[in-house]
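**Student:** Next come a sequence and a model predicted from it.
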4 protein chains.
Amino acid sequence: MTDVKVKRPFFIVNPKAYIYGEEVLNLALVTDELAKENEIDCLFTAQLVDIPVIVERTSHLIVTAQHMDPLVPGRGMGHVLPEALKAAGVKAVVLNHAEDPYTLSNLDKTIKRAKKVELLTIVCADTVEQCKAVAQLGPDMMICEPTSLIGTGNTSDDDYIRETNQAIRSVNPDILIMQAAGVSTGDDVYRVLMGGADGTGGTSGIINASDRRAKLIEMIGALKRVQEEEIR
Amino acid sequence: MTDVKVKRPFFIVNPKAYIYGEEVLNLALVTDELAKENEIDCLFTAQLVDIPVIVERTSHLIVTAQHMDPLVPGRGMGHVLPEALKAAGVKAVVLNHAEDPYTLSNLDKTIKRAKKVELLTIVCADTVEQCKAVAQLGPDMMICEPTSLIGTGNTSDDDYIRETNQAIRSVNPDILIMQAAGVSTGDDVYRVLMGGADGTGGTSGIINASDRRAKLIEMIGALKRVQEEEIR
Amino acid sequence: MTDVKVKRPFFIVNPKAYIYGEEVLNLALVTDELAKENEIDCLFTAQLVDIPVIVERTSHLIVTAQHMDPLVPGRGMGHVLPEALKAAGVKAVVLNHAEDPYTLSNLDKTIKRAKKVELLTIVCADTVEQCKAVAQLGPDMMICEPTSLIGTGNTSDDDYIRETNQAIRSVNPDILIMQAAGVSTGDDVYRVLMGGADGTGGTSGIINASDRRAKLIEMIGALKRVQEEEIR
Amino acid sequence: MTDVKVKRPFFIVNPKAYIYGEEVLNLALVTDELAKENEIDCLFTAQLVDIPVIVERTSHLIVTAQHMDPLVPGRGMGHVLPEALKAAGVKAVVLNHAEDPYTLSNLDKTIKRAKKVELLTIVCADTVEQCKAVAQLGPDMMICEPTSLIGTGNTSDDDYIRETNQAIRSVNPDILIMQAAGVSTGDDVYRVLMGGADGTGGTSGIINASDRRAKLIEMIGALKRVQEEEIR
C-alpha cells in the first residue's frame, strides 16, 4: 500500500500526449504553484521521459504515469516497469484508459504490482457494469468516463454521474471517484463535484485554453469553492 | 532523417527491464567511459523514466528508447510520443522486439514518424523472411534474433547469421545489422562481427555478469580487436 | 436473454483446437449419446467451421462457440459476428479464456451483444478478484481456472474452489459456476462438484484419453452420481 | 503449396460481417452461378460458421476464410486452426486486413502454416512500403488497399494502383494482385484491371446494391470484357 493520502476534493491535469518537454514542464510548474496556493491535492500526468524533471522541480503535485505494465524486473523489452516508476518519484499511475485498454487479467495483475511497489492506482471505466467490475479489483481511485464523450468537450450527464458513483460505492466505498468527461470550465467542475465526485480535472479543456493559467485558476477556484461549502 | 552517424563496428547495451534507477545509471556511466576510451559508438537503452539522467550525465552514448508509438501530439493516453523522446535527448529507438511485437502497419507508421522527428530506427526481426520484410520498411539498423534463443545464452549459429545478413543486404545494403542473440563473451562478439555483422551487444550476458565493468571491457575489447583488424 | 435453461450439475467438453473435422464430430456424437442417455445438460465447443455439422447431427448438446466479437453486422473483416453464430444454431459462447483474453471493455460489450442475440455467456476468470469483476458483468455462467494450471493435468485445490465459488455467489448467486482446471477423472468430477461447483468438464483429460468414450462414461458417471446424491 | 490455380483476371466477393446465414448463402449461390456462366475464377469469403454450407452448395467458388491463426493442433481456445479450415473445404484465407491487423511475426508464421496445410494466402497491405514488406513473406495473392479509403466508396487513384503493382512485382512477380479499394461499379472494375491489377471485387459496393445480382452482373461483365480484350 502507498502512504500517499489524497484529500478530497482533488484535481487532475492530464495532458496525455498533447504537450511534452518544456511546455509540459511549464504547465506542471503553474499547476504546482496553484495547488500549493490553494492547498489542494493535484494529480499531474506526463509522458514518461518528462516525469523526472517534473518530480525534481515541483513539490505539491502527485506525479502520475499514464501507463504501467505488470512485469517484474527482468526481460520485457519496451514494457514499463513498476519499480522504475517508483524509483523515479512517480506516486500514481492511470490504468485502462479508453485509449490504452487493458485485458481484465492484465489489469488485475498491474493493480497488484502497483500495490506491491506502493503506487496509487487510478483505473478508468466506462459503463456502470465496468465501473463495478473495476471496483472489485480494488484500485485506490477511479475515473468514470463514457468512452463516447472523450475529446468531445461534452460532459457526462447527471444520470451517468449519479449511477456510476453509486455503482462504485456499492462495491467499495473507499475508492475515490473522478468524473472528468468533457470537464472544461469552472461550472463543469462545480457541477460534477456537487454531483458527488471526489475529484475532477481535464485534458483538452486545459490544453486548448488560450490562457492555461487562467483556465486552471477558474477550474481550481471552482473546486476550492466546493471545498469551502463542504466544510461549512 | 537523423544526423547521427553510427560508426561500425558498434556496440549495444540493452538492459531491458532488468535494472533501473541508480543501477542503470551506473551501468550507463561505465559504458560511456568505455565508449569514450575505446572511441567506439555505443547504443544504450533504458526504461523511459531513466533516460533523462542518462542523457544528462553521459556524452558518448547513443541513448535509445525501447519502444515508441506512431501517434502525433494530441490524444493517446499512455502512448509514447516521438516528439517527447526527441526533446528529451533520445537519439534512437528499438522497435518490434519479440517481447514487444508491432503490427506490420504500425511498424511502418512508427518508422516514418521516427524519420520525421529524426530518430534512428533499430528494428528487430526473427526469420529470414521477416528480415527481408523489415528491410523493405527502410530502418536505419536491424537486430536479427531468432526468437527461440532470447534469454537462453545460446548464440545464433553461423548459418543464421550469414543468411540474415545476406537477406537484409540484398534488399538494402545501407542498413546496419546487429547480431546479438545470446552474445555474452568476447569470443561471441568476435565471432558475430567476423561473421559479417556491423554491431553486436547484449542484455543478460552483461546484466548477469558478476562484474559488469569487466564483462563490458571483455566484450568491447573484442569489438575493438575486430576494428583494428579491419583497418589493417 | 436466452431461453436455454441449464440444469445442474452439467458437463462441458471443450476440445479447443486439439481436434477438428470428422474427429470432433465423432466426439460430439458420443457426447450427445451420453448426454441423452444420462439426461444431463452438456456444453460442447468446437472450431467454428465444425459447428454446423455438430448442430445438425446432435440433439442434446448445448453447442458452444469458443470466441465471439462484439461487432454488429457491417464492417469487421475476420471478426466473429454474434448474429451469424445465433443463426447457425450456436447456443452459448465462451469468452475471456486465458488463451484468448479480452479487454474489460470488450468483454462488457460482448456479453451485452450475446444477451441481445440470446446466446448464453460463459466467461472465464482466474483470481478471486477477477472472478468478482466478471460476476459484475452479468454472465450466465463462469469458468474458474487458475491460469497457471491450464494444460498441466493438476486440479485447483479445495481452497481455490471454495473461495472463487463464494466470491462469485456473493456478487451474483444466479451465475452457474464451472470448476474445470485439470479435471480428468471421475474422482476429479466428483470432488469439484461436491466442493460446490455447478458444472465441470475438461479438455486434455478427454482428448488425450486412450478411449475417449470410456473417459466420458467415467466422468459423466461421476457427475450422475453427484446428481443422484443431491436429489436424495 | 496449394494446387488451386487462380486464372486472371479474377473476382472477389467479400461480405465481411455485413451478412450471414441464408443471406450470405444466397449471395454465394448467385456468385457461383455467374462464375460458372462466365468461366471466371471467383473468391468468396464468409463468416466461418457459414462456410460449410457454401462449400456444400457451390461448385465454382474459391471459398475463403477471413482470418486464420498460426497455431498447430492443441491448446489455443478461440483461435482459428489451419487444419480445421482445410478439412472444411476452405481453399484460401485473407490475412492482415486493416480491420484485423497481424504482427509481422504472426503474419510470417501464418503464411507458413497456410502453405503447410495447402491454403492460398491473400495478404492485405496499405502503403508501398507495406506492399513490398508483405511481398517478401511470399503470399500467393495480395490486396492493396489504402486504409483511409475502406468503406468510403472512393477508389484508389491511378498513382496508388501503379506504384503498389510495381512495388510488389519488383519483389516477386508471381504474386497475384488485387486492387479493390472502393470498387463498386463496372467502370471501377474495368479501370483497376486495365491499370494492371490481376483481380478485383468488393464489399459494400455489392452488399449495399439494391439488386445484388444485377450489381454482380455489371461488375463481372466488366471483368469479362477486360479478359476478352486481353485475349485478342
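**Tutor:** Cool, the structure landed. Numbers count the residues shown, from 1 in each chain, chains lettered A, B, ... in the order given.
**Student:** any idea how far A:Gln47 lies from A:Val63?
**Tutor:** 12 Å (C-beta to C-beta, to the nearest Å). In short, each C-beta sits where N, CA and C put it, glycine included.
**Student:** Which one's more surrounded, the two?
**Tutor:** Remark: of A:Gln47 and A:Val63, A:Gln47 carries more neighbours, 29 against 23, as counted by other C-beta atoms under 10 Å in any protein chain shown.
**Student:** all helices of chain A, in order?
**Tutor:** Secondary structure of chain A by DSSP state H: the helices cover A:21-38, A:51-57, A:82-87, A:104-117, A:128-136, A:158-171, A:186-194, A:204-207, A:212-231.
**Student:** which one of those helices is the most hemmed in?
**Tutor:** Stretch with highest mean neighbour count among these: helix A:128-136 (a mean of 25; mean count of other C-beta atoms under 10 Å in any protein chain shown).
**Student:** Is there proximity between it and chain B?
**Tutor:** No: contact between helix A:128-136 and chain B is absent, the nearest approach being 15.9 Å (criterion: C-beta under 8 Å from any C-beta of the partner chain).
**Student:** Equivalent analysis for stretch A:47-64, please.
**Tutor:** Yes: on the criterion C-beta under 8 Å from any C-beta, stretch A:47-64 is in touch with chain B at A:Gln47, A:Leu48, A:Val49, A:Asp50, A:Ile51, A:Pro52, A:Val53.
**Student:** got it, and stretch A:28-35?
**Tutor:** No: no part of stretch A:28-35 sits close enough to chain B to count as contact by C-beta under 8 Å from any C-beta; the gap is at least 13.7 Å.
**Student:** Which residues of chain A lie near chain C?
**Tutor:** A:96, A:98, A:101-108, A:125-127, A:129-130, A:132-138, A:147, A:171.
**Student:** Residues in a beta bridge with A:Val94, which ones?
**Tutor:** Here A:Val94 sits in beta bridges with A:Ile122, as judged by DSSP bridges.
**Student:** tell me the contacts of it?
**Tutor:** A:Asn14, A:Thr45, A:Thr64, A:Ala65, A:Gln66, A:His67, A:Ile122, A:Val123, A:Cys124, A:Ile143, B:Met77, B:Gly78 (C-beta atoms under 8 Å, 6 or more residues apart in numbering or on different chains).
**Student:** Sketch out the low-pLDDT regions of chain A for me.
**Tutor:** Regions of chain A meeting the criterion pLDDT under 70 cover residues A:1-3, A:150-151.
**Student:** hmm, 80 instead?
**Tutor:** Within chain A, the segments meeting pLDDT under 80 span A:1-4, A:148-156, A:231-232.
**Student:** tally of neighbours for the nearest residue to A:Asn106 once chain neighbours are set aside?
**Tutor:** Distance criterion C-beta to C-beta, 6 or more residues apart in numbering or on different chains; nearest residue to A:Asn106, sequence neighbours excluded, is A:Pro70 at 6.1 Å. For A:Pro70, the tally of surrounding residues (other C-beta under 10 Å) stands at 21.
**Student:** right, and A:Pro70 touches A:Lys109 too?
**Tutor:** Yes: A:Pro70 lies in contact with A:Lys109 (C-beta atoms under 8 Å); the separation is 3.8 Å.
**Student:** Torsion angles phi and psi at A:Ala98?
**Tutor:** Backbone torsions of A:Ala98, given as degrees, to the nearest 10, read phi -60, psi -30.
**Student:** What count of nearby residues applies to the spatially closest residue to it that is not a sequence neighbour?
**Tutor:** Closest residue to A:Ala98 apart from its sequence neighbours, by C-beta to C-beta, 6+ apart: A:Thr147 at 4.5 Å. Burial of A:Thr147 is recorded as 16 neighbouring residues (other C-beta under 10 Å).
**Student:** In this structure A:Thr147 contacts A:Asn96, no?
**Tutor:** No: using C-beta under 8 Å as the test, A:Thr147 is too far from A:Asn96 to be in contact (11.3 Å).
**Student:** who touches the nearest residue to A:Val72 once chain neighbours are set aside in this structure?
**Tutor:** Excluding the flanking residues, the one nearest A:Val72 by C-beta to C-beta, 6+ apart is A:Arg113, at 7.6 Å. For A:Arg113, the contact set (C-beta under 8 Å, 6+ apart) comprises A:Met68, A:Pro70, A:Leu71, A:Val72, A:Pro82.
**Student:** farthest-separated two in those residues?
**Tutor:** For these, the maximum inter-member distance is 12.3 Å, found between A:Met68 and A:Val72 (C-beta to C-beta).
**Student:** So for these two, which sits in the more crowded spot?
**Tutor:** A:Met68 (27 against 14).
**Student:** Now the more buried one: phi and psi?
**Tutor:** The phi/psi pair for A:Met68 (degrees, to the nearest 10) reads phi -160, psi 150.
**Student:** My read is that it contacts A:Val93, right?
**Tutor:** Yes: assessed by C-beta under 8 Å, A:Met68 is found in contact with A:Val93 at 4.5 Å.
**Student:** Now list whatever residues contact both of these two.
**Tutor:** A:Leu85, A:Ala114, A:Leu119.
**Student:** thinking again about what came up before, pipe the residues of stretch A:47-64 next to chain B into TSV and attach distance to chain D per row.
**Tutor:** Formatted as TSV, these follow (distance: C-beta to the nearest C-beta, whole Å):
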residue	distance to chain D
A:Gln47	25
A:Leu48	23
A:Val49	25
A:Asp50	29
A:Ile51	29
A:Pro52	32
A:Val53	34
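**Student:** quick one: which of those is nearest chain C?
**Tutor:** Proximity of the residues of stretch A:47-64 next to chain B to chain C (C-beta to the nearest C-beta) peaks at A:Leu48, which lies at 21.9 Å.
**Student:** Would you agree the closest one is in contact with A:Ala65?
**Tutor:** Yes: assessed by C-beta under 8 Å, A:Leu48 is found in contact with A:Ala65 at 6.4 Å.
**Student:** Could you find the closest non-adjacent residue to A:Leu95?
**Tutor:** Once flanking residues are discounted, A:Leu95 sits nearest to A:Val123: 4.9 Å by C-beta to C-beta, 6+ apart.
**Student:** A:Gly21 too?
**Tutor:** B:Ala87 is the one closest to A:Gly21 (C-beta to C-beta, 6+ apart), at 3.5 Å.
**Student:** show me the contacts for that neighbour.
**Tutor:** Applying C-beta under 8 Å, 6+ apart to B:Ala87 gives the contacts A:Tyr20, A:Gly21, A:Glu22, A:Val49.
**Student:** how many neighbours does A:Gly74 have?
**Tutor:** 14.
**Student:** Distance of A:Val53 relative to A:Ala88?
**Tutor:** Here the distance between A:Val53 and A:Ala88 works out to 11 Å (C-beta to C-beta).
**Student:** Mutual contacts of those two, please.
**Tutor:** Counting by C-beta under 8 Å, 6+ apart, A:Val53 and A:Ala88 have no common neighbour.
**Student:** how near is the closest residue to A:Gly196 other than its chain neighbours to D:Val128?
**Tutor:** Among residues not flanking A:Gly196 along the chain, A:Asn165 sits closest, at 4.5 Å (C-beta to C-beta, 6+ apart). Separation of A:Asn165 from D:Val128 (C-beta to C-beta): 51 Å.
**Student:** cool, A:Ile19 as well?
**Tutor:** 33 Å.
**Student:** Let me know whether A:Lys115 touches A:Thr121 as I believe.
**Tutor:** Yes: proximity of A:Lys115 to A:Thr121 meets the contact threshold set by C-beta under 8 Å, at 7.4 Å.
**Student:** Please name the residues that touch A:Gly21.
**Tutor:** A:Asp50, B:Glu83, B:Ala84, B:Ala87, B:Ala88.
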